[in-house]
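Enquirer: this one's structure only:
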């Protein structure tokens, strides 16, 4: 069950996990809150997909927003209290209206196990319905945040917790006193399966709408033909000269991903390495595209807009990795995992990442990449300059990084471990 937008890392993970599950043992159904390119990939595999936005706990984001306001604005306790009461009434009403119907569907489909592909809160109706229908429940923790009071109350109905990194598993074990959290690191497909899946032609209308609002600088959201082109061909399409150094940052355009830090680091870097062309690849999930516009304005203010390429979300990242020389991860808060880092490392690119969260399971500083502190634009600028000026170091890190992915972070290995969890629960 996927409660996200269909665009993020959890949805991509779901599409690849489903492709590797043993269909002789498991008859798979996927329920998603929203459609999106990765949900389209699931559908293209012939797996039944049920779109049920009302099965996502609609009060989850509101409750978290109220909690943040409670912490930040103590002088408005009465107002926040009444707001909490309204949300509580709405939450109860949603559960009363949805849970029995979900339980009935689980029984009719003879579902034995429900795999929640996100945290508990957004899946609360499914958790309760699974309990009513006698299903076993696996909760796959892809995030990195404290559990809410509601989630701590609901953990009793989850049979197994799985987390996408060793570091993340330790983080959640501290909150789930007395409960184990199984660490099953995320991975990428190394057998070519992902290349086939990424070229499926089913793309949601939502993806097309959002992508049309972005600059594509010669690359649209569908560019699988470029993935098989030479590095030189892709760079020409991007307007990059032969002697330019291309630095890329890939991910959703949300503030905590650290794009501002990335831009400030590049502004400092241009004084030493003027031939850098930098890419920002990803979509702004907001309809008003406010963060994208903010980043463009910041690029102009920092004097680096002429060397910028803002690209929409790419269904096939092979073209981007072929064109770039360094890939940057700049999140300012702990990243639950860092799938982009795995993709870049598997493509033979040196990476620079922030030293927090699940990233620490992937990148060892000075061995498989370089690490900088979150929010440290100066440190990121120095790390970039180091890799650009020391090509031997960059090549060594890239080689070790690629081997690290092959040794420890494949989806084939991940899927086998997930199926072991299934086996323990339902035989």
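Expert: Cool, got the structure. Note that the structure is a prediction, hence the values are computed from the model and not measured.

Enquirer: quick one: residue 247 is in a strand?
Expert: Yes - the assignment for residue 247 (DSSP: H, G, I helix; E, B strand; the rest coil) places it in a strand.

Enquirer: Please report the distance of residue 144 from residue 281.
Expert: With distances taken as Cβ to Cβ, to the nearest Å, residue 144 is found 22 Å from residue 281. C-beta: built from backbone N, CA, C; applies to glycine.

Enquirer: Packing partners of the helix or strand where residue 262 lies?
Expert: Assigning secondary structure by DSSP states H and E places residue 262 in helix 259-269. Helix 259-269 makes packing contacts with strand 245-250, strand 276-281, helix 290-301, helix 377-389 when contacts are defined by 3 or more Cβ pairs under 8 Å, 6 or more residues apart in numbering; DSSP states H and E.

Enquirer: give me that answer again for 7 Å
Expert: Packed against helix 259-269 by the contact rule (3 or more Cβ pairs under 7 Å, 6 or more residues apart in numbering; DSSP states H and E) you find strand 276-281, helix 290-301, helix 377-389.

Enquirer: Quickly run through the sheet partners of the first one, with directions.
Expert: Strand 276-281 sits in its sheet next to strand 245-250 (parallel), strand 308-311 (parallel), going by DSSP bridges.

Enquirer: Turn those strands into a markdown table, including distance to residue 172, mean neighbour count and mean pLDDT.
Expert: Rendered in a markdown table, the data for these read as follows (distance: least, Cβ to Cβ, whole Å; neighbours: other Cβ atoms under 10 Å; pLDDT from 0 to 100):
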| stretch | distance to residue 172 | mean neighbour count | mean pLDDT |
| --- | --- | --- | --- |
| strand 245-250 | 26 | 23 | 97 |
| strand 308-311 | 34 | 21 | 95 |
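
Enquirer: Put together CSV for the ones you listed, with distance to residue 135 on each row.
Expert: Formatted as CSV, the entries for the strands paired with strand 276-281 read as follows, by distance: least, Cβ to Cβ, whole Å:
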stretch, distance to residue 135
strand 245-250, 36
strand 308-311, 42
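
Enquirer: Of all the ones you listed, which one is nearest residue 123?
Expert: Residue 123 lies closest, by Cβ to Cβ, to one member of the strands paired with strand 276-281: strand 245-250, at 27.4 Å.

Enquirer: between that closest one and helix 377-389, how big is the angle?
Expert: For strand 245-250 against helix 377-389, the angle between stretch directions is 130 degrees (axes from the mean of the first three to the mean of the last three Cα atoms, to 10 degrees).

Enquirer: Which residues outside strand 245-250 are in contact with it?
Expert: With contact meaning Cβ atoms under 7 Å, 6 or more residues apart in numbering, strand 245-250 is reached by 240, 259, 262, 273, 275-282, 317, 320, 323-328, 330, 340, 384, 388.

Enquirer: what about that strand, distance to the chain center?
Expert: Using Cα atoms, centre = their mean, to the nearest Å, the distance from the centre of strand 245-250 to the centre of the chain it belongs to is 18 Å.

Enquirer: And stretch 286-295, by the same measure?
Expert: Relative to the mean C-alpha coordinate of its chain, stretch 286-295 is positioned 19 Å out (Cα atoms, centre = their mean).

Enquirer: Straight-line length of it, end to end?
Expert: Here the two ends of stretch 286-295 are set 14 Å apart, with distance taken as Cα to Cα, to the nearest Å.

Enquirer: What of stretch 248-260?
Expert: By Cα to Cα, the extent of stretch 248-260 from end to end equals 14 Å.

Enquirer: List the buried residues of it.
Expert: Residues of stretch 248-260 classed as buried by neighbour count (16 or more other Cβ atoms under 10 Å): 248-253, 257-260.

Enquirer: For residue 279, give me its contacts.
Expert: In this structure, residue 279 makes contact with 246, 248-249, 309, 311, 320, 324, judged by Cβ under 7 Å, 6+ apart.

Enquirer: ok so residue 371 is a helix residue?
Expert: No - assessed by three-state DSSP, residue 371 does not belong to a helix; its assignment is strand.

Enquirer: Run a quick check on it versus residue 357, I expect a contact.
Expert: No - with contact defined as Cβ atoms under 7 Å, residue 371 does not count as touching residue 357 (11.6 Å).

Enquirer: returning to that earlier point: show me which of the buried residues of stretch 248-260 is closest to residue 106.
Expert: Distance to residue 106 across those (Cβ to Cβ) is lowest for residue 252, with 31.6 Å.

Enquirer: my guess is that closest one meets residue 283, correct?
Expert: Yes - the pair residue 252 and residue 283 qualifies as a contact (Cβ under 7 Å) at a distance of 6.4 Å.

Enquirer: the strands in the stretch 1-150 of the chain, which residues?
Expert: In the stretch 1-150 of the chain, the strands defined using DSSP state E, counting those that start in this stretch lie at 30-32, 49-51, 113-116, 136-141.

Enquirer: Helix or strand: which one has the residue lying closest to residue 360 once chain neighbours are set aside?
Expert: For residue 360, ignoring the flanking residues on the chain, the nearest one in space by Cβ to Cβ, 6 or more residues apart in numbering is residue 167 at 5.4 Å. Counting by DSSP H and E, the element that carries residue 167 is helix 166-175.

Enquirer: What's the mean pLDDT across that helix?
Expert: When pLDDT is averaged along helix 166-175, the result is 95.

Enquirer: C-terminal to it, which secondary structure element comes first?
Expert: On the C-terminal side of helix 166-175, the nearest following helix or strand under DSSP H and E is strand 181-183.

Enquirer: Direction included, what does that next one pair up with?
Expert: When pairs are called by DSSP bridges, strand 181-183 turns out to pair with strand 160-163 (parallel).

Enquirer: Can you pull out the residues in contact with the strand it pairs with?
Expert: Outside strand 160-163, the residues touching it (Cβ under 7 Å, 6+ apart) are 138-141, 169, 172, 176, 179, 181-184, 421, 425.

Enquirer: and if you look at stretch 109-116?
Expert: By Cβ under 7 Å, 6+ apart, the surrounding residues in contact with stretch 109-116 are 1, 29, 123, 126, 130, 135-140, 422, 425-426.

Enquirer: Tell me the confidence at residue 7?
Expert: As predicted, residue 7 sits at a pLDDT of 74.
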